[in-house]
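Chemist: I would like the atomic coordinates for the input below:
(one chain, ligands or ions: 1)
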Amino acid sequence: MNNTKERLLEVEQLDVHLGSLRSRRQIITNASFSLRLGESVGLIGESGSGKSTIARTLLGLVKPSHGQITFDGQRLSGFSVKEWNIFRRKGSLQYVFQDPLRSLDPELTLGRSLAEPLHIQGRFSRKEIRRKTEELAIDVNLAPELLDRYPAELSGGQRQRVAVARGLILEPKLLILDEPVSALDSANRVQVLQLLEKLRQRGISLLFISHDLGSVAGMTDRTLVLYRGDLVEQGTTREVINSPQHPYTKLLIGSAPTLAAVALDRKERDALRQELAAF
Ligand SMILES: Nc1ncnc2c1ncn2[C@@H]1O[C@H](COP(=O)(O)OP(=O)(O)OP(=O)(O)O)[C@@H](O)[C@H]1O
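Modeler: You can find the predicted model right below:
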């Protein structure tokens, strides 16, 4: 699997600065990582560490100040506005928001929301679009009748599955999922995780963004750990969990109840916090 040809996404030495001219500050420093076709990767970090900034940069919503991003053989970091528009319409890189209500227009039925990217592409007839949306609804385990409802009329888990479906309608190569289950109760969480596992088995590349290593560890082949804008650790999820190298990763694992097998005691956590304070 170490073949460059299989690389879908390659991020090299990425720097991102944000803010107005006076208060401009560096948010991401020298981040390099890659994601192979069919791979599922977790990008883990605490609130404010820069996870969304990396995602927004991949989507062309933020311009990097340095570095290169290559996706599916295309150099995104050099794209003009026109090239971004063409790229987005194709839909091979999709993003699912943490809050499904942000992915779905409250005034559109779910069927219309799902169909919208296909209407914009203009490649399919109305009948084909209806067929595709119904097939997709069934695929994400939603009764097709729900397509005539509005987002507010669904449960949180159903809404999140529609948001994932909207991300899938253009058959993307990579789906970025921002905290896909953190706002859900445990029953809904299980349903959404089952759906994501199905996608993973089908070979869609997934980038999970989360503050909680434990909630996505079971879904990811590799894990990237972001701390204050620095990618401080990356490896297979098993390696990262079993032999974390950076104090922040050790603390993350030691504080995650679902990773209790390698949990730290309070003294060890305090020692790591002290070590981290020196960074
Ligand atoms: N438009 C902006 N201008 C200036 N600073 C910003 C801007 N957007 C984000 N930031 C800052 O960049 C840092 C990283 O934010 P980001 O939203 O990427 O973090 P995150 O890891 O996704 O956090 P969360 O998990 O809370 O969503 C934060 O300190 C944030 O305040």
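Chemist: the ligand contacts on the stretch 1-150 of the chain?
Modeler: Residues of the stretch 1-150 of the chain lying close to the ligand (CB under 6 Å from any ligand atom) are 18, 19, 27, 45, 47, 48, 49, 50, 51, 52, 53. Any C-beta I mention is one placed from the backbone N, CA and C, and that applies to glycine too.
Chemist: turn these into CSV, columns for neighbour count, secondary structure and pLDDT.
Modeler: Formatted as CSV, these follow (neighbours: other CB atoms under 10 Å; DSSP: H, G, I helix; E, B strand; the rest coil; pLDDT from 0 to 100):
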residue, neighbour count, secondary structure, pLDDT
18, 15, strand, 96
19, 10, coil, 91
27, 21, strand, 97
45, 25, coil, 95
47, 7, coil, 92
48, 12, coil, 94
49, 23, coil, 96
50, 25, coil, 97
51, 23, helix, 96
52, 21, helix, 94
53, 22, helix, 96
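Chemist: turn these into TSV, including distance to residue 254.
Modeler: TSV is the format used below for those (distance: CB to CB, whole Å):
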residue	distance to residue 254
18	31
19	33
27	27
45	16
47	18
48	20
49	18
50	22
51	20
52	25
53	26
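Chemist: which two in these are spaced the farthest apart?
Modeler: 19 and 45 (19.3 Å; CB to CB).
Chemist: what are the ranges of the strands in this structure?
Modeler: If you assign secondary structure with DSSP state E, the strands in the chain sit at 7-18, 25-36, 40-44, 66-71, 74-75, 93-96, 174-178, 205-210, 222-227, 230-236.
Chemist: so which of those strands is the most surrounded?
Modeler: strand 40-44 (a mean of 26; mean count of other CB atoms under 10 Å).
Chemist: can you give me the angle that one makes with strand 7-18?
Modeler: Relative orientation of strand 40-44 and strand 7-18, computed by axes from the mean of the first three to the mean of the last three CA atoms, to 10 degrees: 20 degrees.
Chemist: for the protein, what helix or strand is lowest in average pLDDT?
Modeler: helix 100-103 (a mean of 73; mean pLDDT, DSSP states H and E).
Chemist: pull out the buried positions in that helix.
Modeler: Residues of helix 100-103 classed as buried: 100, 103 (neighbour count, 16 or more other CB atoms under 10 Å).
Chemist: counting contacts, what elements does that helix pack onto?
Modeler: helix 156-168 (3 or more CB pairs under 8 Å, 6 or more residues apart in numbering; DSSP states H and E).
Chemist: contacting residues around the helix it packs on?
Modeler: Contact partners of helix 156-168, identified using CB atoms under 8 Å, 6 or more residues apart in numbering, comprise 94-97, 100-101, 103-104, 110, 113-114, 117, 136-137, 139-142, 146, 151, 154, 175, 177, 180-181, 183-185, 187-189, 191-192, 195-196, 199, 204.
Chemist: which residue is the nearest non-sequential neighbour of residue 49?
Modeler: Spatial nearest neighbour of residue 49, excluding adjacent residues (CB to CB, 6 or more residues apart in numbering): residue 226 at 4.6 Å.
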